[in-house]
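K.L.:
sequence plus predicted model, see below.
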Amino acid sequence: MLPGPGATLLVDLDGTVADQLPRVCAYLAAEYGLEVTPDQIDAWSWPVPDPAPYAHIGEVIDELMRERPEWFLGSLAPIPGAVEGLAALSAAGYGIHIATHRLPTTHDVSERWLEANGIVYDRFLRDVPANKGALDGDVLLDDYHGNIADALAAGKAGVLVRQPYSNPAACQPAPSAESWAEIRDLFGV
């Protein structure tokens with residue numbers, strides 16, 4: 001059972017609110033001629049094919065955040081339903097705290113992106129530890145099962161936002177959602 005209105009929701013960005021994988025795939029196509037679709041990226045350790053000089057997809061994302069933050073993060077599309085879903089949760093009385101593991105040097109880009117896309121939130125957490133379960137809040141919404149497991153271990157609730165790389169079995173008994181419509185249903189808003 002998820003907490004009701006008045007609870008603080010810790011909301012991840014990439015894979016939860018922002019759709020970063022299409023931009024990663026566009027970069028791999030433009031720079032290395034690789035035809036990769038987001039559905040193929042089924043793990044954060046997904047091996048990037050040659051000729052790209054990366055061991056796994058996480059290295060690509062880290063480099064894009066460091067070297068091209070405006071191009072990468074400033075132009076992402078919101079995940080369908082996220083804008084309306086967060087607005088509905090806020091209107092119902094939930095506190096919305098953005099809790100992302102994006103590089104701190106990209107937080108200004110992230111906050112501009114949130115504003116430009118009309119995304120409602122109460123607070124942007126600027127110092128998010130590796131273990132999101134250590135944050136003050138009641139429920140974590142995240143696409144990474146490890147983060148949800150950390151939240152559960154800390155006594156919080158969690159909702160896994162399903163992506164091809166998510167593993168719901170790794171964060172049981174947390175509910176998982178394939179869409180923001182399902183997230184809204186879980187919270188009754």
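P.N.:
Everything's here; your move.

K.L.:
Ser75 and Asp19: what is the separation?
P.N.:
11 Å (CB to CB, to the nearest Å). C-beta coordinates here come from the backbone N, C-alpha and C atoms, glycine included.

K.L.:
between these two, which one's more packed in?
P.N.:
The neighbour comparison of Ser75 against Asp19 (other CB atoms under 10 Å) goes to Asp19, with 17 against 13.

K.L.:
bridged to the more buried one, which residues?
P.N.:
In this entry, Asp19 is beta-bridged to Ala77, by DSSP bridges.

K.L.:
surely it and Leu76 touch.
P.N.:
Yes. The criterion here is CB atoms under 8 Å, and Asp19 meets it with Leu76 at 6.0 Å.

K.L.:
common neighbours of these two, please.
P.N.:
Residues touching both Asp19 and Leu76 (CB atoms under 8 Å, 6 or more residues apart in numbering): there are none.

K.L.:
now do the nearest residue to Ala134 once chain neighbours are set aside, the pLDDT please.
P.N.:
Leaving aside its sequence neighbours, Ala134 sits nearest to Ala154 (CB to CB, 6 or more residues apart in numbering; 6.6 Å). Ala154 is assigned a predicted lDDT (pLDDT) of 98.

K.L.:
neighbours of Ala154, how many?
P.N.:
Neighbours of Ala154 using other CB under 10 Å come to 15.

K.L.:
these two touch, right, it and Gly133?
P.N.:
Yes. Using CB under 8 Å, Ala154 is in contact with Gly133, at 3.3 Å.
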